[in-house]
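Engineer: Dropping the sequence and predicted coords here.
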Amino acid sequence: MSNLGFNIAGVEFKNPVMTASGTFGSVGKEFEQFIDLSSLGAIVVKGISLDPWDGNNSPRIAETYGGMINSVGLQNDGVDNFIKNDMKFLQKQNTNIIVNIAGKTVDEYKEVARRLDGTDIDMIELNISCPNVKEGGVAFGTNALMAESITKEVKTVTNKPLIVKLSPNVTDITEIARAVESGGADCISMINTLIGMKIDIHRRKPVLFNKIGGLSGPAIKPVAIRMVHQVSKTVKIPIIGMGGIMNGEDAIEFIMAGATGVAVGTANLINPTATMDVLDGIKKYMNDYNITDLSSIRGIID
Amino acid sequence: MSNLGFNIAGVEFKNPVMTASGTFGSVGKEFEQFIDLSSLGAIVVKGISLDPWDGNNSPRIAETYGGMINSVGLQNDGVDNFIKNDMKFLQKQNTNIIVNIAGKTVDEYKEVARRLDGTDIDMIELNISCPNVKEGGVAFGTNALMAESITKEVKTVTNKPLIVKLSPNVTDITEIARAVESGGADCISMINTLIGMKIDIHRRKPVLFNKIGGLSGPAIKPVAIRMVHQVSKTVKIPIIGMGGIMNGEDAIEFIMAGATGVAVGTANLINPTATMDVLDGIKKYMNDYNITDLSSIRGIID
Amino acid sequence: MCVSKKKVIAKIIKNEILVDNVYKMVVKSEELIYDFKPGQFVNLYSKDKSMLLPRPISVCEVDEENKEITLVFMVVGKGTKEFSKLRENDDVYLMAFLGNGFDLDCEGENIIVGGGVGTPPLLELAKRLKGNNKIFLGFRKDVYLIDEFKKYGEVYIATEDGEHGEKGNVIDLMNKYVKKADRIYSCGPKGMLKAVKEYASNNNVDAYLSLEERMGCGFGACVGCAVKIKEDTDKGYKNKKVCVDGPVFKACEVMFDE
Amino acid sequence: MCVSKKKVIAKIIKNEILVDNVYKMVVKSEELIYDFKPGQFVNLYSKDKSMLLPRPISVCEVDEENKEITLVFMVVGKGTKEFSKLRENDDVYLMAFLGNGFDLDCEGENIIVGGGVGTPPLLELAKRLKGNNKIFLGFRKDVYLIDEFKKYGEVYIATEDGEHGEKGNVIDLMNKYVKKADRIYSCGPKGMLKAVKEYASNNNVDAYLSLEERMGCGFGACVGCAVKIKEDTDKGYKNKKVCVDGPVFKACEVMFDE
Ligand SMILES: Cc1cc2nc3c(=O)[nH]c(=O)nc-3n(C[C@H](O)[C@H](O)[C@H](O)COP(=O)(O)OP(=O)(O)OC[C@H]3O[C@@H](n4cnc5c(N)ncnc54)[C@H](O)[C@@H]3O)c2cc1C
Ligand SMILES: Cc1cc2nc3c(=O)[nH]c(=O)nc-3n(C[C@H](O)[C@H](O)[C@H](O)COP(=O)(O)OP(=O)(O)OC[C@H]3O[C@@H](n4cnc5c(N)ncnc54)[C@H](O)[C@@H]3O)c2cc1C
Ligand SMILES: Cc1cc2nc3c(=O)[nH]c(=O)nc-3n(C[C@H](O)[C@H](O)[C@H](O)COP(=O)(O)O)c2cc1C
Ligand SMILES: Cc1cc2nc3c(=O)[nH]c(=O)nc-3n(C[C@H](O)[C@H](O)[C@H](O)COP(=O)(O)O)c2cc1C
Ligand code: FES
Ligand code: FES
């Protein structure tokens, strides 16, 4: 039997396949009819803020060559509604629950984290990289000092292991990675979306109401692989890799680049069984090459 | 008759369609059999350095989803050979000649520019954004102070109008754009390639000998459009836009985002008549919408 | 796992041009669960892998016995262009059935109002409604599906130049021909839907509108397809998903951005 | 403008499987200029728009009269998989004819050495060479095109397990059967080419090798396909392009990286 599991900061994962925040419904309910949620390594919940957020006006989605841009803007019902309405569903799923959090100020992030601390979730993912809301933390994600300090601050209010999600829209991602590591992050997830824009030349307007949005999908995979590779050579904490994963081979590429876990994002929207297809593909690769433990190929690229 | 022409720093362009450096052979000879070179707005020559450069080892090319990564590494025969061997061919082409230059030090850049100053070329394009050679100026392109100072320095040794080519691998492209503008750049071209990586999971090695390379092609267009739009709202000098242009509609998108000229890169490799197809597509769009001058849609997006 | 939606490979039974740029395509899938409500839509997926996202297309007719679905679509871009070229026996990836659909519980005077490619989804609705149907269809120029609609009610047609039916728009015709109305069902361009909403509110009729928005998934996963729907919140509305909470909404609750 | 290469839409005349994963495809184009040299290759382009780059495939045979080109390729990835599914009358985008090809000016004892999918391009060469051909073909397991080669010379076959021909490799066979050699022509895996180069230098024979490298364009535009070729420069070599300066190079000038 091949071993797909691992442990991050005390949390056991049965396999590396997680969902990328915001691409799996709010908590995954929409996918129950397509896959067995308990087969996931983790469900990563859509970005949660202190108060309910409206998100941006529509259109929020634009298709691009081999990718898409979204400007959803972290629409969510706020942390209290999440705890009240969604925790029960999540607790039943027999998989790890990671909650992605967002805020306009350090205090807001802290308050969300504090309120989640008492719940039954497994980890918190600090989203300091959402390009879609001015207040969505993107400033924290593009400045090493701020990235370090918000990580530190959030660590003071929660005992949950903390993942920090990095933005690719930076000159030197290793600088930010080092900063959040020294701020006390237990894990890094990367990459969030690249900032992109699409113009409807017939209407002479941006396709998105918000003009710009986050580019995701297979188009960005080479950037994600490069950054995961760079960061894995820079920090000691584990990485959850994502950006354009469509199948098991893509996931293996991330693992070889140095990722411990992987998250499937845009692929979920196109193919609702994508996570299970990725998992099957990983198993097939291991089988084809007689790999009994993923750790034997993890970070194998110099 | 519709007007496709414009003027940048005293140089007249008959139309906006240029070639992106490095994707059109060294000086375009390979394309003579496919298109009429004189129909181009400009030929942009592949990166030229002071001494001949070898470039990187092969493999230098990896295909990615909707794009490609290259690590050619500015292989070229040096400025003197260029002047001796290629100028004559170029002078016959009845179109603008723009020479893309690279160097390891400011002095090398200056010396290349100085030697070109006496020739019959129309403009110099300062490549401070090549991700493929450590010495290829990428440091100049990711640091605003260095970008400003190299621009200033090169301006002192040449009377040719100077285009500065920006790297997209930065946190804030408007900062670099402002810096080169205040350094005296006459024009900005953008974007160079994003840094990417691809792993061959069967061989367990990066596909490229050089590990990382520059991602180009339609996959990156949304990033390019976003950056051209940002920069066009920031600086007053004109922009030559590029990144994933495959057809006339893509070119119109760049022009609406604020580009004065456009350059066709990766598309040339796949479709050797791409530049002419782009030009025809621009004309068709103008015709369909009764546009007599491109300036009426240039930068039309707020 | 409750399986109600499914992504399947369907077979093209027929794909014919109705009028310039408008195609009627019949697809068949044995795998789907044909528990369908008029107003629901399907996702069609492109074979060109540079286009990742689904194209939502409303269901025009469903033949549950033969497991066939009729779609009518207009070619407006690369995706619909590709679909227009599909031929008999070709395959197409499809997800069905998506969205909420229209309620069929009104047995009185039904007013059905369609505009352009908003008319096809109203056909199966007209077929299944119990009461009495008056059907108002507006087109720019070319008209289609008229004979089919005539089977299920009185049909009134408006075109911009009056070459077919009467010159004008559906609201003009409604003002002229509607005497009594218990419920209005409408699908079409935003301008028309706004006018229908106003008509309904002026005449105090219950109305349902089928909306469109750009979609990322079509089944509730991305929150990409938000519309503002009136609700008792601080702001007086909530962002709802066209793909699962809609595409059909109560007209009085739809907030069109001005 | 001198037009010698062209990107055209060619028609598939035939596409058949030779052995597991190896296909023989015949394509036809009236538009091409059939001024062809053995050893040249074509670019095939994928229809799946997520794959932008051309796949270089050597020409196995050319029928200039009927304007047909035979290609033999092995399925190794997504692109070749797609090509393997092309059927009679399907279209394929193709650019031809690319590269330099082999010189045909030797009328003495020609030694032709092929390995695996490196053998097909040697068929048209064997056909056109004037002198006397001895043909050495190495395969891992399955062999193909043997009967075709037999028409143009004495054929010696090596396979890893000896099920076909003799057990061993082509160098073993050459050592055994070559008495006199005026020129060697070779195409195949890098390991084999290195051994051929060594054989040629040991035996002081003129040899030509057809190389492979990953390509961006196939016609000289991207400088993506560099190989180090000995030349009188500071460093003793120059980076040359496989796609236009090659794929055929003098063995003694090829510098294999160790
Ligand atoms: C619920 C619903 C039902 C629909 N039913 C029908 C129908 O029955 N017949 C019909 O002809 N059309 C219908 N449409 C519109 C149809 O989805 C678009 O015309 C189609 O997606 C355009 O795709 P394209 O690739 O040809 O255009 P492109 O402009 O190339 O598409 C680019 C992207 O924009 C999206 N897009 C473009 N126009 C629209 C639009 N109007 N609505 C939503 N997304 C759009 C595409 O899905 C794609 O992601 C419906 C839309 C929705 C939301
Ligand atoms: C001059 C030349 C002639 C060739 N002739 C033949 C032939 O006659 N028959 C045959 O079966 N094969 C031939 N090859 C190899 C053939 O080009 C590759 O097997 C093919 O490109 C693989 O494409 P893919 O999409 O199936 O593989 P993938 O691995 O999915 O391709 C990914 C990318 O890598 C490139 N690539 C992968 N393998 C190679 C390779 N070995 N050489 C160059 N590029 C590669 C592809 O072109 C593509 O850009 C030749 C290669 C060259 C350079
Ligand atoms: C529609 C959509 C919504 C997203 N919402 C969030 C979010 O709420 N929080 C977050 O950290 N990332 C969000 N992301 C980013 C993804 O989690 C992921 O980092 C990114 O899409 C790259 O992965 P992919 O290419 O597999 O989609 C969102 C992405 C998409 C496409
Ligand atoms: C093979 C290749 C070689 C390139 N060489 C150069 C170069 O020498 N100098 C330079 O400034 N940019 C170079 N570029 C970058 C392009 O000029 C262009 O900025 C980039 O590819 C984006 O445009 P595209 O997506 O249309 O290709 C090269 C790109 C490619 C693909
Ligand atoms: S389209 Fe994804 S939630 Fe509606
Ligand atoms: S493949 Fe582009 S130069 Fe050879």
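Structural biologist: Great, that's in hand. Ligands and ions are numbered 1, 2, ... in the order given.
Engineer: Does A:T171 touch B:E175 like I think?
Structural biologist: No - using CB atoms under 8 Å, A:T171 makes no contact with B:E175, being 10.0 Å away. Using the backbone N, CA and C atoms, a C-beta is placed for each residue, glycine as well.
Engineer: Now stretch C:122-142: buried residues?
Structural biologist: C:122-127, C:129, C:133-139 (16 or more other CB atoms under 10 Å in any protein chain shown).
Engineer: Now do it: distance from first to last residue.
Structural biologist: Using CA to CA, to the nearest Å, the end-to-end distance of stretch C:122-142 comes to 18 Å.
Engineer: That stretch near ligand 1 anywhere?
Structural biologist: No - on the criterion CB under 6 Å from any ligand atom, stretch C:122-142 is out of touch with ligand 1, staying 10.2 Å away.
Engineer: What's the mean pLDDT across that stretch?
Structural biologist: Stretch C:122-142 carries an average pLDDT of 93.
Engineer: Likewise for stretch A:220-239?
Structural biologist: Across stretch A:220-239, pLDDT averages out at 98.
Engineer: Buried by neighbour count: which residues of it qualify?
Structural biologist: In stretch A:220-239, counting by 16+ other CB under 10 Å, buried: A:220-232, A:234-235, A:237-239.
Engineer: before we move on, what about stretch C:74-93?
Structural biologist: Neighbour-count burial for stretch C:74-93 [16+ other CB under 10 Å]: C:M74, C:V75, C:G79, C:T80, C:E82, C:F83, C:S84, C:L86, C:V92, C:Y93.
Engineer: Keep those, but drop any that are not near ligand 1.
Structural biologist: Within the buried residues of stretch C:74-93, those near ligand 1 by CB under 6 Å from any ligand atom are C:M74, C:G79, C:T80.
Engineer: Sort out for me which of these are in strands.
Structural biologist: Assigned to strands by DSSP state E, the following of those qualify: C:M74.
Engineer: Can you work out which other helices and strands pack against the helix or strand of chain A with the lowest mean pLDDT?
Structural biologist: Here the helix or strand of chain A ranked lowest by mean pLDDT, DSSP states H and E is helix A:138-141, holding a mean of 76. If contacts are counted by 3 or more CB pairs under 8 Å, 6 or more residues apart in numbering or on different chains; DSSP states H and E, helix A:138-141 sits against helix A:144-157.
Engineer: next structured bit after the helix it packs on?
Structural biologist: Per DSSP states H and E, the first helix or strand lying C-terminal to helix A:144-157 is strand A:162-165.
Engineer: OK, now which residue of the stretch 101-250 of chain A is nearest to ligand 1?
Structural biologist: The stretch 101-250 of chain A approaches ligand 1 most closely through A:V207 (7.4 Å), counting by CB to the nearest ligand atom.
Engineer: If I follow the layout properly, that residue ends up in contact with A:G196?
Structural biologist: No - applying CB under 8 Å as the test, A:V207 and A:G196 come out as separate, 10.5 Å apart.
Engineer: So which of these two has more stuff around it?
Structural biologist: Counted by other CB atoms under 10 Å in any protein chain shown, A:V207 and A:G196 do not tie: A:G196 has more neighbours, with 29 against 21.
Engineer: Can you classify the residue lying closest to the more buried one once chain neighbours are set aside by secondary structure?
Structural biologist: Leaving out its chain neighbours, the residue that sits closest to A:G196 by CB to CB, 6 or more residues apart in numbering or on different chains is B:P222, at 3.0 Å. The three-state assignment at B:P222 reads helix, by DSSP: H, G, I helix; E, B strand; the rest coil.
Engineer: quick one: B:P222 and B:T193, what's the gap?
Structural biologist: As judged by CB to CB, to the nearest Å, B:P222 and B:T193 stand 15 Å apart.
Engineer: now swap in C:V117 and tell me
Structural biologist: For C:V117, the distance to B:T193 - CB to CB - is 41 Å.
Engineer: of the two, who's got more company?
Structural biologist: Using other CB under 10 Å as the criterion, C:V117 and B:T193 rank with B:T193 on top: 28 against 23.
Engineer: Show me the contact partners of the least confident helix or strand of chain A.
Structural biologist: With contact meaning CB atoms under 8 Å, 6 or more residues apart in numbering or on different chains, helix A:138-141 is reached by A:128-131, A:146-147, A:150, A:165-167, A:169-170, A:176, A:192.
Engineer: Adding pLDDT and neighbour count, write those out as JSON lines.
Structural biologist: Below are the contacts of helix A:138-141 laid out as JSON lines (pLDDT from 0 to 100; neighbours: other CB atoms under 10 Å in any protein chain shown):
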{"residue": "A:I128", "pLDDT": "90", "neighbour count": "29"}
{"residue": "A:S129", "pLDDT": "79", "neighbour count": "27"}
{"residue": "A:C130", "pLDDT": "69", "neighbour count": "25"}
{"residue": "A:P131", "pLDDT": "65", "neighbour count": "28"}
{"residue": "A:M146", "pLDDT": "92", "neighbour count": "18"}
{"residue": "A:A147", "pLDDT": "94", "neighbour count": "30"}
{"residue": "A:I150", "pLDDT": "94", "neighbour count": "26"}
{"residue": "A:K165", "pLDDT": "97", "neighbour count": "30"}
{"residue": "A:L166", "pLDDT": "96", "neighbour count": "28"}
{"residue": "A:S167", "pLDDT": "95", "neighbour count": "27"}
{"residue": "A:N169", "pLDDT": "96", "neighbour count": "26"}
{"residue": "A:V170", "pLDDT": "95", "neighbour count": "22"}
{"residue": "A:I176", "pLDDT": "96", "neighbour count": "29"}
{"residue": "A:N192", "pLDDT": "96", "neighbour count": "30"}
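Engineer: Need the distance between the two termini of stretch A:211-225.
Structural biologist: 27 Å.
Engineer: do it and ligand 1 meet?
Structural biologist: No - on the criterion CB under 6 Å from any ligand atom, stretch A:211-225 is out of touch with ligand 1, staying 12.1 Å away.
Engineer: again with stretch C:7-16
Structural biologist: No - using CB under 6 Å from any ligand atom, stretch C:7-16 stays clear of ligand 1, coming no nearer than 13.4 Å.
Engineer: So which residues of the stretch 151-300 of chain A form strands?
Structural biologist: Using DSSP state E, counting those that start in this stretch, the strands found in the stretch 151-300 of chain A span residues A:162-165, A:187-190, A:194-197, A:199-200, A:205-206, A:212-216, A:239-242, A:261-264.
Engineer: what do A:V207 and A:G196 both touch?
Structural biologist: A:I69.
Engineer: Show me the residue sitting in the middle of chain C in space.
Structural biologist: C:P121 (3.7 Å; CA atoms, centre = their mean).
Engineer: Sketch out the low-pLDDT regions of chain A for me.
Structural biologist: A:1, A:130-138 (pLDDT under 70).
Engineer: gap between the most far-flung residue of chain A relative to its centre and ligand 2?
Structural biologist: Among residues of chain A, the one most distant from the C-alpha centroid is A:H202; the distance is 34.5 Å, by CA atoms, centre = their mean. A:H202 is 34 Å from ligand 2, where distance means CB to the nearest ligand atom, to the nearest Å.
Engineer: What mean pLDDT does stretch C:169-177 get?
Structural biologist: The model assigns stretch C:169-177 a mean pLDDT of 91.
Engineer: I should have written stretch C:65-77 there, sorry.
Structural biologist: Regarding stretch C:65-77, the rounded mean pLDDT is 96.
Engineer: C:M215 versus A:I61, what's the distance?
Structural biologist: 6 Å.
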